[in-house]
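# curious how this folds, go ahead:
(3 chains)
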Amino acid sequence: MSRADRGHLITAVIVLVLLVSLPFVVDSRYILGQVILALFYAIVASQWNLLFGFAGVFSLGQMALFAFGGYVTAMLGFYGGWSMWLAMPVGAIGTVIFSLIIGLACLRLAGAYVALLTLAVAQVMYLLIVTDTDCFVMQGATCRQFTGGAVGFARFGDLGTRALFKANYLTANYAIVVALFAVTMLFTWAVIRSPLGLAFQALRDNPGCAVARGINRFSTQLVVFGASAFFTGLAGGLYAAHFQAIGPGVLSLSTLMFIIAIAVVGGIGKLWGPLVGAVILVLADEGMREMGEFRTLGLGLIIAAAMVLMPRGVIGLVEGLVARFRPQPSQPDAAAPHAGTSHV
Amino acid sequence: MEILGPVFVAGITTGALYALATIGLSLVWGALGMLNMAHGAMLTIGGYAAFTLATWMGAPWPLAVLAPIVVGALVGAAIYALVAHPLLARAPRSFETNVIIATFGVAIALENAVLLIFGGQPFGQSIALSGNLQVAGVFIPWQNLLIVLVAFALMGATALFLARTRTGRAIRATAQNREAAQLMGVPVGRVYLQVLALSGGIAGTCGLLVSSITQLSPSLGADPMLKAFIMCVVAGLGNLPGAIAAAFVLALTEAFASYALGARWGFPLLLAIVILVLIWRPDGLFGRAAIRRL
Amino acid sequence: MAEAALAIEGLVTGYDRRDVLAGISLSVPEGSLVTVVGPNGHGKSTLLRAISGLLPTRRGSIRLFGKPLGGLAPHAVAAAGVVHVPQGDMLFPEMTVHENLMMGAYLEQDHAMIERRLADVEALLPRLAERRGQLASSLSGGERRMVGIGRGLMMGGRVMLIDEPSLGLAPIIIEQVYQVIARLKESGRTILLVEENPARVADLADEIHLLDNGKVVWSGLPSVLLERDELLETYLGG
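As a prediction, the model looks like this:
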């Protein structure tokens, strides 16, 4: 097992132990709820990080995929009475299809174009939902739009934990979220280590050579785009099922910015970056709760400052410090690390 | 015709505004290879700057009109100094994407700063002409006419500046081949500063104009910026005349689509068309495929 | 002894973490034409790029008439008097021939001087006068090469660096290009020229350096190099 993988395994075990023991150590439902939220953020950020930090796809439409999964799940529950456990995977698959359509359109273009188009897609999705005013169904005396409109959906089903675990349902939900997080991290790690991951490394280090050897940037990126969409959509569905609500707020620019901030602060292209970033930023957010209206302003400044001052994120910073104090055995073709390359 | 007239007027006006929003973006992309996500914020700040001078400080309108240009240019210069320059110096190879994220953060911060200072409630821009002119049975508001005239004047001035002045030539040279420009003695860092300041000034003015027919709100610039980006993409990033043409064509398309299908379908239809165009021509309608320097 | 126009000592430079030049020393006396030859990929262009500031000087020194250039930004090196005519021309594709030439005069503030230089350049390269209004991207290879040289001449400058003037051109055109270079030498210009093949430049050069793997492996008169078959075989493929 390579040194890097050993490091990952150790980190994974530590993280898992911490996460599993948390409900037994901490009694506060609030803290548990915040950790759940942080994990959701970390999951989405990890997929964005996989796309950007490893595959080089700069997508600003991550939340559109998250929302798609969430909305499909909610609508299947609301209109069809489906169990959440069936709706979530279906939502995830739907998200994959949605993402492939977007990917087919965008991925042949250069980086900035992909960012713009994915942003536009997310924005259109938001606008279509929020401007939806026609009544689709009547719920009692209230008018319900097809897409839920600005209000969104609520009470469309749950994970079944309330019935089973009564008062401890939150802990049960927490366990489910932790499980999804673990599976997502495993998937991400597997992609990085797979031939796909090596192809991305080649494309990054020497694009001319990679292309000459038959690596097709477009198809490799499309595959990762679709695969990461599955977990993003699944996370969206689980989010909807856990909170028993979903609305257009998830498509807001500030949510997207938070996700990106998490990835940037943690370290783009680092496997554990999103988790580190999520922990730091959720804590910072807690701290800034006092600041009220200055919160978003603060978040914006943090993301800009983090990008300019620490392009390699916290993990990159730590790695840099460690390298300075412990001379590494020279690696034959270690390219100079910089934000945007994986250094897993 | 009576119904289409106002739609046409609206489309041309919007086209002029989008074209103005596009210029700065296209210049910055061409010269620096940078997608400035804070461009919309510069628009917004321009609009509010004019308002502040005119209403809060009671300045005469020439000063209030000058304010967005000056403030916008300062914001642009600050973005160069605080964001673009450090990123270019520290992580040049991943600059293109790093700068998008960093300016994204700046945009959010600026938008929220405006929100905190002025509040989130939209209100009217005080500097605007009122009244209409009637041509062939169609009412054309004076403000719309003014907008189109100012937009064309600014575009013309910018074109002349780029074509005839030494600085303008240096900017074009830097955009076309940065290394060659350096070898000619062009101080590329200073050119970048000038381009960002110029784009800020134009964006600020655009913000003033946009707010004069819509309203002032903290997210004023977000929509024009996104549309301007899309127009640049359709034309091929770096192609300024193409982007301006695209601005008018797409604005008219959006206007007619909104009229025919309902306002909420204007932008989605636009996007669908753009996506189809890009599937057909991945480099934009007129864009040259960038030669990848390996 | 008069100060050399260009004096390079122990120059070490390269890309990323690699060093391409491992300690180059050579000097270019004023008014002479010095050539650097060698197989491709071994540092010839790198040398010129280091002199003009596009690459950093990691060790060693570069002096222009005694003034150190190491560490200066490219535009400052240009202002000091180094004219670099780069490999592959690097013209401004969407500018006309005239505009390209005018960009060469960017640093010159004196309009009369600019007019004089333009007249000189167009006299030397009459085709440029004919094609004044044509876009650079629509020119033939030979014409582009001439515009590149003309643009360099518009800079005035004290030392001229020319990177592979024969690259990608037909033999007839290469003849013409070298005729122009000969005229430049006659007019007293100091030139450091880089070529893959020494044959072309043998008549013109005052001194020739053979570069291999980032080091100067042989220096001397071009006539001598052309007699040393073993050098030609080993380094330049005969």
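
# near chain B, which residues of chain C show up?
Residues of chain C lying near chain B by CB under 8 Å from any CB of the partner chain: C:52-54, C:73-75, C:78-79, C:83-84, C:86, C:90-95, C:99, C:102-104, C:106-107, C:151, C:155. No exception for glycine: its C-beta is placed from N, CA and C like everyone else's.

# just the residues you listed: which are in strands?
Mapping the residues of chain C next to chain B onto strands (DSSP state E) picks out C:83-84.

# next SSE after the helix or strand hosting B:Leu43?
Secondary structure assigned from DSSP states H and E places B:Leu43 in helix B:39-51. Following helix B:39-51 in sequence order, the next helix or strand is helix B:61-79 (DSSP H and E).

# tell me which other helices or strands that next one touches.
Counting contacts by 3 or more CB pairs under 8 Å, 6 or more residues apart in numbering or on different chains; DSSP states H and E, helix B:61-79 is packed against helix B:39-51, helix B:95-118, helix B:188-213.

# and those helices, which one's lowest on average pLDDT?
Mean pLDDT values for these show the minimum at helix B:95-118, a mean of 89.

# now the top helix by length along chain B: average pLDDT?
What stands out as the longest helix in chain B, according to DSSP state H, is helix B:4-32. Throughout helix B:4-32, pLDDT has a mean value of 89.

# anything in that helix near chain C?
No - applying CB under 8 Å from any CB, one finds helix B:4-32 out of contact with chain C, separated by at least 10.1 Å.

# buried ones in that helix?
B:7-32 (16 or more other CB atoms under 10 Å in any protein chain shown).

# low-confidence ranges, the chain, go.
The chain I'm using is chain A. A:1, A:207, A:327-344 (pLDDT under 70).

# actually chain C
C:1-2, C:42, C:235-238.

# which segments of it make up each domain?
Chain C breaks down by automatic domain parsing into domains covering C:1-81+C:158-170+C:188-238, C:91-156.

# figure out which of the ones you listed is closest to chain A.
domain C:1-81+C:158-170+C:188-238 (5.6 Å; CB to the nearest CB).

# let me see the ranges of the helices in the stretch 201-344 of chain A.
Applying DSSP state H, counting those that start in this stretch to the stretch 201-344 of chain A gives helices spanning A:207-212, A:217-243, A:253-266, A:273-288, A:294-309, A:313-325.

# show the contacting residues for the residue nearest in space to the middle of chain C.
Closest residue to the average C-alpha location of chain C: C:Ile162 at 1.5 Å, with CA atoms, centre = their mean. Going by CB atoms under 8 Å, 6 or more residues apart in numbering or on different chains, C:Ile162 touches C:85, C:149, C:152, C:181, C:191-194.

# hang on, the earlier thing: out of the residues of chain C next to chain B, list just those in helices.
C:74-75, C:78-79, C:99, C:102-104, C:151.

# coming back round to it: same list (the domains of chain C) but as JSON lines, adding distance to A:Leu299.
Compiled in JSON lines, the domains of chain C are given as follows (distance: least, CB to CB, whole Å):
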{"stretch": "domain C:1-81+C:158-170+C:188-238", "distance to A:Leu299": "35"}
{"stretch": "domain C:91-156", "distance to A:Leu299": "41"}
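
# mind listing what C:Arg59 touches?
C:10-12, C:23.

# what do you get for B:Ala245?
By CB under 8 Å, 6+ apart, the neighbours of B:Ala245 are B:Ala235.

# distance from the host helix or strand of it to the middle of the chain?
According to DSSP H and E, B:Ala245 maps onto helix B:240-261. A distance of 15 Å separates the C-alpha centroid of helix B:240-261 from that of its chain, computed with CA atoms, centre = their mean, to the nearest Å.

# and the angle from the helix or strand following it to helix B:4-32?
The C-terminal neighbour of helix B:240-261 among helices and strands, as given by DSSP H and E, is helix B:266-280. Angle of helix B:266-280 versus helix B:4-32, following axes from the mean of the first three to the mean of the last three CA atoms, to 10 degrees, is 50 degrees.

# any idea how far C:Ile8 is from chain B?
Per CB to the nearest CB, to the nearest Å, C:Ile8 is found 18 Å from chain B.

# quick one: that residue and C:Gly60 touch, right?
Yes - applying CB atoms under 8 Å, one finds C:Ile8 in contact with C:Gly60, separated by 7.2 Å.

# I'd say A:Leu159 and A:Trp85 touch.
Yes - using CB under 8 Å, A:Leu159 makes contact with A:Trp85 at a distance of 7.4 Å.

# which one's more surrounded, these two?
Here A:Leu159 and A:Trp85 are compared on neighbour count by other CB atoms under 10 Å in any protein chain shown; more neighbours surround A:Leu159, at 21 against 12.

# what are the boundaries of the helices in chain C?
Under DSSP H, chain C gives helices at C:44-51, C:74-80, C:97-104, C:111-124, C:126-130, C:141-154, C:171-186, C:222-227, C:229-236.

# include mean neighbour count and distance to chain A when you put those into a markdown table, please.
As requested, the helices of chain C are exported to a markdown table (neighbours: other CB atoms under 10 Å in any protein chain shown; distance: least, CB to the nearest CB, whole Å):
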| stretch | mean neighbour count | distance to chain A |
| --- | --- | --- |
| helix C:44-51 | 25 | 18 |
| helix C:74-80 | 21 | 21 |
| helix C:97-104 | 24 | 27 |
| helix C:111-124 | 14 | 37 |
| helix C:126-130 | 16 | 34 |
| helix C:141-154 | 24 | 23 |
| helix C:171-186 | 15 | 28 |
| helix C:222-227 | 15 | 34 |
| helix C:229-236 | 14 | 26 |
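
# need those in CSV (columns: distance to B:Ala107).
Shown next, in CSV, are the helices of chain C (distance: least, CB to CB, whole Å):
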stretch, distance to B:Ala107
helix C:44-51, 37
helix C:74-80, 31
helix C:97-104, 34
helix C:111-124, 43
helix C:126-130, 46
helix C:141-154, 40
helix C:171-186, 51
helix C:222-227, 61
helix C:229-236, 56
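
# out of the ones you listed, nearest to C:Phe65?
helix C:74-80 (9.0 Å; CB to CB).

# point out the most buried one among the helices and strands packed on helix B:61-79.
Highest mean neighbour count among these (mean count of other CB atoms under 10 Å in any protein chain shown): helix B:39-51, with a mean of 29.

# and it, what does it pack against?
helix B:4-32, helix B:61-79, helix B:95-118, helix B:188-213, helix B:222-235.

# restricting to C-alpha, output that helix in PDB.
Taking C-alpha atoms only, helix B:39-51 is exported to PDB below (Å, rounded to 0.1, in the frame of the first residue of the first chain):
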ATOM      1  CA  HIS B  39     -18.000  42.400 -12.800                       C
ATOM      2  CA  GLY B  40     -21.600  42.500 -11.900                       C
ATOM      3  CA  ALA B  41     -20.700  44.000  -8.500                       C
ATOM      4  CA  MET B  42     -18.900  46.800 -10.300                       C
ATOM      5  CA  LEU B  43     -22.100  47.500 -12.200                       C
ATOM      6  CA  THR B  44     -24.100  47.600  -8.900                       C
ATOM      7  CA  ILE B  45     -21.600  49.800  -7.200                       C
ATOM      8  CA  GLY B  46     -21.700  52.200 -10.100                       C
ATOM      9  CA  GLY B  47     -25.400  52.500  -9.900                       C
ATOM     10  CA  TYR B  48     -25.400  53.100  -6.100                       C
ATOM     11  CA  ALA B  49     -22.500  55.600  -6.400                       C
ATOM     12  CA  ALA B  50     -24.400  57.800  -8.700                       C
ATOM     13  CA  PHE B  51     -27.400  57.600  -6.400                       C
END
